[in-house]
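Trainee: What follows is a predicted structure for the sequence shown.
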Amino acid sequence: MTNQAQQPCLKVIPLGGLHEIGKNTCVFEYGDDIMLVDAGLAFPSDGMHGVNVVMPDTSYLRENQKRIRGMIVTHGHEDHIGGIAHHLKNFNIPVIHGPRLALAMLTGKMEEAGVMDRTILQTVAPRDVVKVGQHFSVEFIRNTHSMADSFSLAITTPVGTVIFTGDFKFDHTPVDGETFDMARLAHYGEQGVLCLFSDSTNSEVPGFCPPERSVFPCLDRHISQAEGRVIITTFASSIHRVAMILELALKNGRKVGLLGRSMLNVIAKARELGYMRAPDDLFVPIKQIRDLPDRETLLLMTGSQGEPLAALSRISRGEHPQVQVKTTDTIIFSASPIPGNTISVVNTIDRLMMLGAKVVYGKGEGIHVSGHGFQEDQKLMLALTKPKYFVPVHGEHRMLVCHSKTAQSMGVPAENILIIDNGDVVQLTPDSISKGEPVKAGIELLDASRNGIVDARVLKERQQLAEDGVITMLAVISTDGVMAAPPRVNLRGVVTAADARKLSLWAEREITWVLENRWQQLSRNSGGKAPDVDWMGVQREIEIGLQRRLRRELQVEPLIICLVQPAPGGTPAYKGRADAEPDTRPAPRGGRGGGRDDRRERPERVDRGPRAERPAPAPEPRRELAAVGAAPAAAKVEEPELEGRTRRRRSAAAG
Ligand SMILES: [Zn+2]
Ligand SMILES: [Zn+2]
């Protein structure tokens, strides 16, 4: 928003898609106009418990929604269109221009989200030029990618033309015959391109990316040699791959059964729009395909990424109602795992093999090629467009760095290249490129409903629950600040070497400490008969104290939930056992002021002072505690050994 440059400049602000593969969302801004290019989603990484979808933080767009003139969509992959339906609930996008197939897929998502009336969808054809706002005009240049109907963009702005490649590879023999419109790229290169924003996904891979067609003979060999059923998994959105598999089924006299919602949806859409030509009778409903001989069937399904709920994953666990693995099955993984999914994929492969199936997977088999160009493809893009400035996008950091080296080897000076992160602002004028003041960028995590937002605190709590369990504690405290009953402590999923008695003793001590040192701040005598007590504050103080003690004494960080049950003033005090055993806690904490922070800053000291050997007279039976007590497994781990233990904590919320 800041207008630091006197000279008007074009701002390009990626809100997602950098330092990652996923949730590509880019903002173009000039004067009063904002144009969006793509809005994708990403999938959660390990440790994002219960999170289904990752979205970019769009506060910048919400704040500036009055200036949004429209959106351009390059192609229909989830990492480019998956966020749109969600965003339409939060801010206005007056019009969306995009390819027919992508918009058909988007329509399905928008109907599901109930936002069909929030925008206008405009279909484009190759070389169409659309105007967005006063300052942008965008030409759609046909490119080649694993998804059909995909485009690169030539964006003409008052400061010059920007080429935004979208996802691409140079495939000269595309499955659908729609070749890359290289002549158009060269035309812009000839006229002068101010800046190139180019796909970096495979910048580390030397050579040219093989054409999609090259997997055909390999798949053909596996399918024709299969003795029993053929089961193939791939991305439903890999339209060309799916089209080839259908062609091969026809060629090999096999009927096709489809499994998985996205597989059914995408194939229906693509056939309806003519992106796949397959006769109706090629398809047999999954319930009837079992009646055909195995040698005449091919099952095409989701699950190439080991997603737990996808068809093939369920089959591998023997949980699919219609399909069970047979030892005569040939199962083909015609996809490579997205980096974060490798473990789920190999686990699925293991399970399928253990069930006796023949599983075909991996690089050496020639059954998968990437949809993103390699180094030589990227060089060709640079050669055709001859950009003055260069910004590598769509990739993790090392890929961006590698792509920038490629550009330098092609003669783009290092100072004309920017490596940026989400939220960075690229400022372009006819003769300069620079980074402006960044805007807010981050992630929004959506849970299964896609409505609830999982914030960083919730995520931290889920991680704590998963890794260290939970301790709940009930404290009864009277309004005049005395502990009226022994605390009741419950453990779930906590492994600790401390016995039950010790834990409740520690709980008592924390309560006593809070009552002695914090009560004055937390209660206010407003003149009435009972003082005003900040019970939430009391709970929080007790939680923090116990948390710190457990971290220090046992090196565990369970989630601690303290509930305080207020008792009327004048309730007799429960006389704790605090005197029965010496405290191992460091010297009493400071008085007023710092609150929680003064405790944190105290030098950590593991005091292994005299351990209480004599059994304390238990004033009351503690049933809850005895029941869950100290987990037996932990008994062998004594506290001292625990000390240097390095704790693994995934910082999934970061980034
Ligand atoms: Zn793509
Ligand atoms: Zn992509």
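Mentor: Yes, it's here. Ligands and ions are numbered 1, 2, ... in the order given.
Trainee: where does the stretch 1-150 of the chain come near ligand 1, residue by residue?
Mentor: Counting by Cβ under 5 Å from the ion, the positions of the stretch 1-150 of the chain adjacent to ligand 1 are residue 77. (Glycine included, C-beta is placed from N, CA and C.)
Trainee: low pLDDT regions in the stretch 1-150 of the chain?
Mentor: 1-6, 45-46 (pLDDT under 70).
Trainee: For it, which residue gets nearest to ligand 2?
Mentor: residue 79 (4.3 Å; Cβ to the ion).
Trainee: Excluding chain neighbours, what is closest to that residue?
Mentor: residue 40 (3.9 Å; Cβ to Cβ, 6 or more residues apart in numbering).
Trainee: List phi and psi for the one you found.
Mentor: With angles defined as degrees, to the nearest 10, residue 40 sits at phi -100, psi -180.
Trainee: please begin residue numbering at 23 from this point
Mentor: Will do, 23 is the new start, and the previous item becomes residue 62.
Trainee: Was I right to think it contacts residue 104?
Mentor: Yes. Taking contacts as Cβ atoms under 8 Å, residue 62 lies within contact range of residue 104: 5.0 Å.
Trainee: Need the overlap of contacts for those two.
Mentor: residue 45 (Cβ atoms under 8 Å, 6 or more residues apart in numbering).
Trainee: Contact residues of the stretch 123-272 of the chain facing ligand 2?
Mentor: Checking the stretch 123-272 of the chain against ligand 2 by Cβ under 5 Å from the ion, the hits are residue 189.
Trainee: could you pull out the strands for the stretch 123-272 of the chain?
Mentor: 142-146, 151-154, 158-165, 172-179, 182-186, 215-221, 252-255 (DSSP state E, counting those that start in this stretch).
Trainee: winner for burial among these?
Mentor: strand 252-255 (a mean of 28; mean count of other Cβ atoms under 10 Å).
Trainee: list the helices and strands that strand packs on?
Mentor: In terms of contacts (3 or more Cβ pairs under 8 Å, 6 or more residues apart in numbering; DSSP states H and E), strand 252-255 is packed against helix 237-247, strand 319-323, helix 333-338, strand 352-355.
Trainee: Can you list the strands that the last one pairs with?
Mentor: Right, the one you point to is strand 352-355. strand 252-255 (parallel), strand 380-382 (parallel) (DSSP bridges).
Trainee: What count of nearby residues applies to residue 438?
Mentor: 17 (other Cβ atoms under 10 Å).
Trainee: Then the one 5 residues further on?
Mentor: Neighbours of residue 443 under the rule other Cβ under 10 Å: 15.
Trainee: Reduced to three states, what does it come out as?
Mentor: coil (DSSP: H, G, I helix; E, B strand; the rest coil).
Trainee: now do the one 5 residues further on
Mentor: Under the three-state scheme (three-state DSSP), residue 448 adopts strand.
Trainee: Okay, and the beta partners of the residue nearest to it when sequence neighbours are not counted?
Mentor: Distances taken as Cβ to Cβ, 6+ apart put residue 34 closest to residue 448, at 4.3 Å, once the chain neighbours are dropped. Beta-bridge partners for residue 34, by DSSP bridges, are residue 50, residue 448.
Trainee: so who does the closest residue to ligand 1 within the stretch 123-272 of the chain touch?
Mentor: For the stretch 123-272 of the chain, the residue closest to ligand 1 is residue 189, as judged by Cβ to the ion, at 3.5 Å. Counting by Cβ under 8 Å, 6+ apart, residue 189 touches 96-97, 99, 102, 167-169, 172, 221, 223, 393-394, 416.
Trainee: show me the contacts for the residue lying closest to residue 40 once chain neighbours are set aside.
Mentor: Spatial nearest neighbour of residue 40, excluding adjacent residues (Cβ to Cβ, 6+ apart): residue 444 at 5.0 Å. Contact partners of residue 444, counting by Cβ under 8 Å, 6+ apart, are 36-42, 78, 463-464.
Trainee: longest helix anywhere in this protein?
Mentor: Looking across the chain with DSSP state H, the single longest helix is helix 557-576.
Trainee: what is the mean pLDDT for that one?
Mentor: When pLDDT is averaged over helix 557-576, the result is 89.
Trainee: could I get the helix or strand that it is followed by in CSV with only the CA atoms?
Mentor: Heading C-terminal from helix 557-576, the first helix or strand you meet, by DSSP states H and E, is strand 581-589. The C-alpha coordinates for strand 581-589 follow below in CSV (Å, rounded to 0.1, in the frame of the first residue of the first chain):
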residue,chain,number,x,y,z
LEU,A,581,-1.1,-29.9,27.3
ILE,A,582,-2.3,-28.8,30.7
ILE,A,583,-5.9,-27.8,31.3
CYS,A,584,-6.7,-26.5,34.8
LEU,A,585,-10.3,-26.0,35.8
VAL,A,586,-11.0,-24.0,38.9
GLN,A,587,-14.1,-24.6,40.8
PRO,A,588,-14.8,-21.6,43.0
ALA,A,589,-16.0,-22.3,46.5
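Trainee: What is the least confident helix or strand in the chain?
Mentor: helix 661-664 (a mean of 29; mean pLDDT, DSSP states H and E).
Trainee: give me phi/psi at the residue of the stretch 123-272 of the chain closest to ligand 1?
Mentor: phi -80, psi 130.
Trainee: where does the stretch 223-372 of the chain dip in pLDDT?
Mentor: In the stretch 223-372 of the chain, no residues with pLDDT under 70.
Trainee: Repeat the analysis, applying 80 as the threshold.
Mentor: Applying pLDDT under 80 to the stretch 223-372 of the chain flags the ranges 360-362.
Trainee: Smallest distance to ligand 2 belongs to which residue of it?
Mentor: Counting by Cβ to the ion, the stretch 223-372 of the chain gets nearest ligand 2 through residue 223, at 7.3 Å.
Trainee: that older thread, could you measure from the residue nearest to residue 101 over to residue 114?
Mentor: Counting by Cβ to Cβ, to the nearest Å, the separation of residue 62 from residue 114 is 19 Å.
Trainee: Looking at those two now, which is surrounded by more residues?
Mentor: Under the criterion of other Cβ under 10 Å, the comparison of residue 62 against residue 114 puts residue 62 first, with 23 against 13.
Trainee: OK, contacts around the more buried one?
Mentor: Counting by Cβ under 8 Å, 6+ apart, residue 62 touches 38-39, 44-47, 99-105.
Trainee: returning to what we had before: for residue 234, find the nearest of the strands paired with strand 352-355.
Mentor: strand 252-255 (15.3 Å; Cβ to Cβ).
Trainee: May I have the phi/psi pair for the closest residue to ligand 2 within the stretch 273-422 of the chain?
Mentor: With Cβ to the ion as the measure, residue 416 is the residue of the stretch 273-422 of the chain nearest to ligand 2, at 5.8 Å. Reported as degrees, to the nearest 10, the phi and psi values for residue 416 are phi 50, psi 70.
Trainee: Is there a neighbour count for it? I'd like the number.
Mentor: 29.
Trainee: If we ignore the residues flanking it in sequence, what's nearest it?
Mentor: residue 221 is the one closest to residue 416 (Cβ to Cβ, 6+ apart), at 4.5 Å.
Trainee: right, and that neighbour touches residue 186 too?
Mentor: No. With contacts counted by Cβ under 8 Å, residue 221 stays clear of residue 186, the gap being 9.6 Å.
Trainee: Tell me which of the contacts of residue 62 fall in strands.
Mentor: 38, 47 (DSSP state E).
Trainee: and the closest residue to residue 71 other than its chain neighbours, what pLDDT?
Mentor: Here the nearest residue to residue 71 in space, its sequence neighbours aside, is residue 484; by Cβ to Cβ, 6+ apart that works out to 4.0 Å. Per-residue pLDDT puts residue 484 at 79.
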